[in-house]
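*Asks:* Compute the structure for the input listed below.
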Amino acid sequence: MILDNEWSDLPDLLDKVQELLDLGLFDDAHALLDKYKSAFQDYWELHFLYSRVYTEQNLPRKAIPCLMTGLRLDRGNADCLLGLFYAFAMMGKIWRGGRFLIEAHRLHPENELVVSALIWYYTEINEAESAVECFEIAKELNSNNPETYRNGGLAFDRLGRFEEAEACYKAALLISPNFDEARDLYADHLIFTGKAIEAVKLYEEALRESPKNIRHMSKLIYCLSQRGEFDRAESMAQHSISLYPNSPVGYLDLAYVNLNTGHIDGAAENAEKAISISPIDAEGYRVLAIASSERGDYEAAEKLFEKAISIDPDNADALRDYYQHLRVAGKFEPMLDIVNKTIKLEYPYCTEDYWFLADYYRERKQNSKAFRYLRLAYNSMPAEKELLPPMIEILLEQGHTKYSLPIFANYVQRSGWTDAMSNFTLNRQFKDRVTQEGIRFLRFTGQRPRAFREYIFKYYMYRFGLMYYTLLAAALAFPAGVLLGWIGVGGVAAAYGTSLGVIKVMQAVRFRRAVAKAIQAAQTAQQLRT
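*Replies:* Numbers count the residues shown, from 1 in each chain. This is a model prediction of the structure:
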């Protein structure tokens with residue numbers, strides 16, 4: 001045990017405990033706090049450090065009473081309020097923790113750590129627009145916190161604002177080059193946006209700085225596999241095994257490469273090696289279960305999946321592989337139980353789980369349920385625009401043409417005019433004159449640059465909103481006019497004609513301005529790209 005009997009002032013105690021926490025010497029940190037507890041029990045800092053000892057060991061339930069004690073000693077303390085937010089979040093009670101975070105922001109609106117936490121909180125509860133607003137506030141506070149930019153990247157990713165997300169991840173790594181979580185998120189972002197080659201370069205660069213980092217090697221193997229460079233991935237996995245023969249990591253990486261290349265026996269063999277090295281590692285059982293399922297040995301696969309989940313109940317990837325297996329095996333009731341468990345565990349990051357359920361119900365001709373889960377998937381990840389065409393298809397099959405049109409327009413705004421949209425226009429429900437006129441507008445707009453589309457759609461939203469409120473005002477003015485003694489029908493007609501005239505003039509002026517600005521925005525975007 002490390003104890004120092006020579007100092008007793010609070011700042012020195014705080015520094016020493018922090019040093020012990022950084023070294024992972026939690027028992028020593030706890031013992032040191034116990035030694036000075038009677039002297040400093042009336043200071044919030046002591047109780048806050050006790051909470052740190054517990055949260056660092058993933059014991060948030062024990063941290064919460066310490067933080068509440070600190071808060072009673074210093075009401076409104078930002079550190080204790082933030083600590084309570086993170087402790088409840090660790091317990092999966094993010095909504096409850098959010099109350100403390102919002103209170104911290106009310107009391108300390110310019111505390112950068114609080115604003116940074118808000119970015120993450122709003123992203124987690126699927127309010128990415130609010131998260132982005134908090135990120136802009138953090139930037140105004142001159143934030144140099146890499147976690148702020150990591151959190152901003154997550155928020156922009158959820159909204160499909162990929163260029164801004166990429167800038168955030170780059171900024172986080174520029175501030176803190178060893179921020180592995182930001183690097184991993186950036187790599188996942190690059191793979192999702194079709195830039196796997198850049199993800200490969202990201203880890204190749206990291207390995208130049210730390211050539212024997214097994215974590216970076218494992219991520220590079222994954223990125224190479226995503227690129228389809230399986231020979232290089234296999235070679236890197238063999239290199240990892242040669243450096244760390246007593247670690248399961250290299251064997252598991254090689255097993256996944258084997259699965260990707262269809263070498264099921266090789267995958268099973270390497271998974272068994274990983275299990276023999278680390279029998280309490282869930283990943284080995286997961287890979288062996290996938291291999292068994294691929295062989296058609298469903299009973300063995302089910303037992304292995306259950307084993308993996310018993311070791312690591314919160315392993316969402318294992319749960320997803322399990323419900324995919326159960327669907328193939330035709331065990332639909334347990335499959336639905338596992339999917340719902342995964343959604344509860346992963347919310348709001350459960351787009352693929354909703355999509356899986358939508359595909360399952362679509363296959364069974366249960367279109368209402370399929371549409372519901374597609375809608376949930378889109379709400380959880382608005383950037384996933386490919387969810388929109390199947391939603392349109394279901395609505396048209398059900399005869400809900402008018403409900404499909406806003407989704408149709410949303411897709412064109414985001415993705416432009418595609419072959420999928422051209423196919424939809426052949427639908428007999430789109431043959432009336434008004435709908436055809438709207439489709440011509442969508443085709444014209446969808447074939448223009450993204451900047452033009454975004455501006456013109458924003459303009460039309462304003463235009464139709466203006467028309468609605470002007471007509472409403474006119475409608476309210478008619479009975480008032482009669483009451484004021486206007487000349488019967490003639491007065492009403494004059495008022496109506498005047499209202500329509502105003503609308504038409506405003507529309508014409510605003511339309512010309514909107515098109516001019518849209519063209520200018522498109523030209524500016526093109527100049528930036530070149």
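*Asks:* Is the residue positioned nearest the centre of the chain within a helix or a strand, and which one?
*Replies:* Taking C-alpha atoms, centre = their mean, the centroid of the chain lies closest to Arg158, which sits 4.7 Å from it. Using DSSP states H and E, the element containing Arg158 is helix 146-159.
*Asks:* For that helix, give me every contacting residue.
*Replies:* Residues outside helix 146-159 that contact it (C-beta atoms under 8 Å, 6 or more residues apart in numbering): 112, 115-116, 119-120, 122-123, 126, 128-129, 131-132, 135, 138, 143, 162, 164-166, 168-169, 171-173, 175-176, 179, 181-182, 185-186, 189, 192, 381-383. Glycine gets a C-beta too; all of them are placed from N, C-alpha and C.
*Asks:* And the next helix or strand past it?
*Replies:* Counting by DSSP H and E, what follows helix 146-159 is helix 162-175.
*Asks:* Helix 146-159 and that next one, what's the angle between them?
*Replies:* Between helix 162-175 and helix 146-159, the angle comes out at 160 degrees (axes from the mean of the first three to the mean of the last three C-alpha atoms, to 10 degrees).
*Asks:* Give the buried residues for helix 162-175.
*Replies:* Neighbour-count burial for helix 162-175 flags Phe162, Glu164, Ala165, Glu166, Cys168, Tyr169, Ala171, Ala172, Leu173, Ile175 (criterion: 16 or more other C-beta atoms under 10 Å).
*Asks:* centre of the chain versus the helix or strand following that helix, how much separation?
*Replies:* Moving toward the C-terminus from helix 162-175, the next helix or strand (DSSP H and E) is helix 180-192. Offset of helix 180-192 from its chain centre (C-alpha atoms, centre = their mean, to the nearest Å): 12 Å.
*Asks:* what comes up buried for helix 180-192?
*Replies:* Judged by neighbour count (16+ other C-beta under 10 Å), helix 180-192 contains these buried residues: Ala182, Arg183, Asp184, Leu185, Tyr186, Ala187, Asp188, His189, Leu190, Ile191, Phe192.
*Asks:* got a list of what the closest residue to the fifth one other than its chain neighbours touches?
*Replies:* Closest residue to Tyr186 apart from its sequence neighbours, by C-beta to C-beta, 6 or more residues apart in numbering: Tyr169 at 3.6 Å. Under the criterion of C-beta under 8 Å, 6+ apart, the contact partners of Tyr169 comprise Tyr149, Arg150, Gly153, Ala182, Leu185, Tyr186, His189.
*Asks:* Within the helices and strands, which one has Leu13?
*Replies:* Element membership of Leu13 [criterion: DSSP H and E] is helix 10-22.
*Asks:* tell me what that helix is packed against?
*Replies:* With contacts taken as 3 or more C-beta pairs under 8 Å, 6 or more residues apart in numbering; DSSP states H and E, helix 10-22 sits against helix 26-40, helix 44-56.
*Asks:* Just the CA atoms of the helix holding Arg158, as PDB, please.
*Replies:* Written as PDB, here are the backbone C-alpha positions of helix 146-159 (Å, rounded to 0.1, in the frame of the first residue of the first chain):
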ATOM      1  CA  PRO A 146     -11.000  16.300 -27.700                       C
ATOM      2  CA  GLU A 147     -14.100  14.700 -26.200                       C
ATOM      3  CA  THR A 148     -16.200  17.700 -27.300                       C
ATOM      4  CA  TYR A 149     -15.200  17.100 -30.900                       C
ATOM      5  CA  ARG A 150     -15.700  13.300 -30.500                       C
ATOM      6  CA  ASN A 151     -19.200  14.000 -29.200                       C
ATOM      7  CA  GLY A 152     -19.800  16.500 -32.000                       C
ATOM      8  CA  GLY A 153     -18.700  13.900 -34.600                       C
ATOM      9  CA  LEU A 154     -21.300  11.500 -33.200                       C
ATOM     10  CA  ALA A 155     -24.100  14.100 -33.400                       C
ATOM     11  CA  PHE A 156     -23.200  15.100 -37.000                       C
ATOM     12  CA  ASP A 157     -23.000  11.400 -38.000                       C
ATOM     13  CA  ARG A 158     -26.500  10.800 -36.800                       C
ATOM     14  CA  LEU A 159     -27.800  13.700 -38.900                       C
END
